[in-house]
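K.L.:
I need the structure of the sequence given here:
(2 chains)
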Amino acid sequence: MPLGIQHLLGLHGVSENDIQLILDTADNFYEVLQREIKLVPTLRGKTVVNLFYENSTRTRLSFELAEKRLSASPLNFSASTSSVKKGETLKDTIRNIEAMKIDMVVVRHSSPGVPYFLTQCTDAIIINAGDGFHEHPTQALLDMMTIRRHFKKLAGLKVAIIGDVLHSRVARSNAWGMKTMGMDVTLCAPPTLMPQHTDSLGVTVTDNIFEAIEGADVIMLLRLQLERQTSGLFPSVREYRELYGVDLEKLVNVPDHTLIMHPGPINRGIELASNVADSERSVILDQVTNGVAVRMAALYLLGGGESGDEEHV
Amino acid sequence: MKKHELLMDSTALDRALTRITHQFLEKNPDLDNIGIVGMQTRGVFLARRITEKINAMEKTSFQTGVLDVTLYRDDYRTAFKQPKVQITDIPFNINKKELLLVDDVLYTGRTVRAALDALTDFGRPKSIQLAVLVDRGNREFPIRADFIGKKITTLKNQEVALHVNEIDKEDSLWLMQLEEEN
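P.N.:
Presented below is the predicted three-dimensional model:
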């Protein structure tokens, strides 16, 4: 079954088959990561540019590692130390990089739509590593991979996504992807941190955390960006923690099988108490491991020849 | 693609595997140092049967390794068809082993070349010996099999298809003919 998409710009509109294929492939790449030699020669000779206009540790390292483990040649670009400072436009930057003969671009940018824009001005394959408040598809895929590896299925599971949904590309990508996979998604945030138009997402929306976590198989916390407080979106960190922070007390009636997830970096003691983040039910570090496998799968499936049936050789 | 000629029925197939098993054991009598690895997809079924035969004959409890060579193929950049990545699972240490690599069809030799690369990443076996159910010629690499079920001459517009009980509800080996376009 071939991948129906040419670029990975987001999970909105990506078919169930495509998501399934990426997750299946990622499961098999997971095995490669358990080997003594965690390296396969598949993408030898391919150059992948990691174009990061926004700070990132986890995602950039994870992509770079995925590229290296597939034997591709990563080329790292960070806006803070480049000609962007001299006023070069995005289009000129990508055209110049493309002129150096590259194959794929992994891009993170604070403006939504930048990955799509790049598909219009280069022939390279584009992977979105986060664009503004829009999407972060590989994060959602690694979240779904983690859930699927744990429960052996996705359809029918109930997920509560709690936190600053308004500013979260992780929440958006997850909501779209999880709905496609037949999951039951509840978004929970203070009204000021919830987007206005949630109808098109097809999810349940609440501002009551107990409603959100009741019967949930997965509780996913989002990072509270502390700078939002200054813009008046919530009164105080302490109040946020009291109402929306997950600690052992809030989890008293939650079943033992319920997982705790967080895309990182965690504000310990704010959206997630330390003793929950480090508890048995936390799969936060599995998410990081699976992230490398999912990115390997995306690079592999997007970067090859045209897809098709198995060839006999 | 249609069935052209039955190359082996289930009896012939089983006898060929029994013979390969005996030949392998005859050549590698030290049971402490052998390992069996089947290549995805159909080679795995054959490798499992050879493992079962050894375990039954020698009262041993060997496990079958499963190897997927998709990531080691040399046609990733040029192939119009992208094969699905499948699981690799070798549940034993291959270091210093006399390794039997099992596949259904030996043709160009490119899959075996990829398998040799892949196995090298898992360790350093003492030897790698190749068993195939059918050798259909037309090699593109200097590779040969140590144990062969049946040797046949084929044309490039033909294919050899192994049917196994586990998937196709019968064991048989077929020569398939590409249908002529009229």
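K.L.:
straight-line length of stretch A:10-19, end to end?
P.N.:
11 Å (Cα to Cα, to the nearest Å).
K.L.:
then stretch A:190-209?
P.N.:
9 Å.
K.L.:
buried residues in that stretch, which are they?
P.N.:
For stretch A:190-209, a neighbour-count test (16 or more other Cβ atoms under 10 Å in any protein chain shown) marks A:190, A:193-195, A:201, A:203, A:205-207, A:209 as buried. All C-beta spots, glycine's among them, are computed from the backbone N, C-alpha and C.
K.L.:
who in chain B is up against chain A?
P.N.:
B:41, B:68, B:70-73, B:75-89, B:105, B:107-108, B:110-111, B:117, B:121-123, B:159 (Cβ under 8 Å from any Cβ of the partner chain).
K.L.:
among these, which are in helices?
P.N.:
The helices, defined by DSSP state H, take in B:110-111, B:117, B:121-122 from those.
K.L.:
check these for burial and list the buried ones.
P.N.:
Neighbour-count burial (16+ other Cβ under 10 Å) is assigned, among those, to B:110-111, B:117, B:121-122.
K.L.:
okay, those in CSV with pLDDT next?
P.N.:
Formatted as CSV, these follow (pLDDT from 0 to 100):
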residue, pLDDT
B:Arg110, 94
B:Thr111, 95
B:Asp117, 94
B:Asp121, 91
B:Phe122, 92
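K.L.:
of all the buried residues of stretch A:190-209, which two lie farthest apart?
P.N.:
A:Leu201 and A:Ile209 (18.9 Å; Cβ to Cβ).
K.L.:
can you give me the strands in chain A?
P.N.:
A:47-52, A:73-78, A:104-109, A:125-131, A:158-162, A:184-188, A:204-206, A:218-221, A:259-261 (DSSP state E).
K.L.:
comparing the ones you listed, which yields the minimum mean pLDDT?
P.N.:
Lowest mean pLDDT of these: strand A:73-78, a mean of 91.
K.L.:
check which residues of it are buried.
P.N.:
A:74-75, A:77-78.
K.L.:
let's check: the centremost residue of chain B is which one?
P.N.:
Central residue check for chain B by Cα atoms, centre = their mean: the C-alpha nearest the mean position is that of B:Asp103, 0.6 Å away.
K.L.:
so it lies in a strand, does it not?
P.N.:
Yes: with DSSP: H, G, I helix; E, B strand; the rest coil as the criterion, B:Asp103 is part of a strand.
K.L.:
how about low-confidence regions in the stretch 201-313 of chain A?
P.N.:
Applying pLDDT under 70 to the stretch 201-313 of chain A picks out residues A:305-313.
K.L.:
export only the CA atoms of the helix or strand hosting B:Leu46, formatted as PDB.
P.N.:
For B:Leu46, the host element (DSSP states H and E) is helix B:42-58. Provided in PDB are the C-alpha atoms of helix B:42-58 (Å, rounded to 0.1, in the frame of the first residue of the first chain):
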ATOM      1  CA  ARG B  42       8.400 -16.700   2.100                       C
ATOM      2  CA  GLY B  43      11.900 -17.700   3.100                       C
ATOM      3  CA  VAL B  44      10.700 -17.400   6.800                       C
ATOM      4  CA  PHE B  45       8.200 -20.200   6.300                       C
ATOM      5  CA  LEU B  46      10.900 -22.500   4.800                       C
ATOM      6  CA  ALA B  47      13.400 -21.600   7.500                       C
ATOM      7  CA  ARG B  48      10.800 -22.500  10.200                       C
ATOM      8  CA  ARG B  49      10.200 -25.900   8.600                       C
ATOM      9  CA  ILE B  50      13.900 -26.600   8.400                       C
ATOM     10  CA  THR B  51      14.200 -25.600  12.100                       C
ATOM     11  CA  GLU B  52      11.300 -27.900  13.000                       C
ATOM     12  CA  LYS B  53      13.000 -30.800  11.200                       C
ATOM     13  CA  ILE B  54      16.300 -30.200  13.000                       C
ATOM     14  CA  ASN B  55      14.500 -30.000  16.300                       C
ATOM     15  CA  ALA B  56      12.600 -33.200  15.700                       C
ATOM     16  CA  MET B  57      15.600 -35.100  14.400                       C
ATOM     17  CA  GLU B  58      18.100 -33.900  17.000                       C
END
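K.L.:
list the helices and strands it packs on?
P.N.:
helix B:10-27, strand B:34-39, strand B:64-67, strand B:98-106, strand B:127-135 (3 or more Cβ pairs under 8 Å, 6 or more residues apart in numbering or on different chains; DSSP states H and E).
K.L.:
what do you get if the cut-off is 10 Å, keeping everything else the same?
P.N.:
helix B:10-27, strand B:34-39, strand B:64-67, strand B:98-106, strand B:127-135, strand B:158-163, helix B:165-168 (3 or more Cβ pairs under 10 Å, 6 or more residues apart in numbering or on different chains; DSSP states H and E).
K.L.:
in TSV: those, plus distance to A:Leu118 and mean pLDDT.
P.N.:
Conversion of the helices and strands packed on helix B:42-58 to TSV gives the following (distance: least, Cβ to Cβ, whole Å; pLDDT from 0 to 100):
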stretch	distance to A:Leu118	mean pLDDT
helix B:10-27	54	97
strand B:34-39	40	97
strand B:64-67	38	96
strand B:98-106	43	97
strand B:127-135	45	98
strand B:158-163	42	94
helix B:165-168	43	93
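K.L.:
once you drop chain neighbours, what's closest to the residue in the stretch 101-250 of chain A positioned nearest to chain B?
P.N.:
Nearest residue of the stretch 101-250 of chain A to chain B, counting by Cβ to the nearest Cβ: A:Asp103, 9.4 Å away. Sequence neighbours aside, A:Lys46 is the residue nearest to A:Asp103 in space, at 4.6 Å (criterion: Cβ to Cβ, 6 or more residues apart in numbering or on different chains).
K.L.:
could you do B:His163 as well?
P.N.:
Nearest to B:His163 is B:Ser172, by Cβ to Cβ, 6+ apart, at 4.7 Å.
K.L.:
what residues are up against that neighbour?
P.N.:
Listed by Cβ atoms under 10 Å, 6 or more residues apart in numbering or on different chains, the contact set of B:Ser172 reads B:3, B:6-10, B:12-13, B:161-165.
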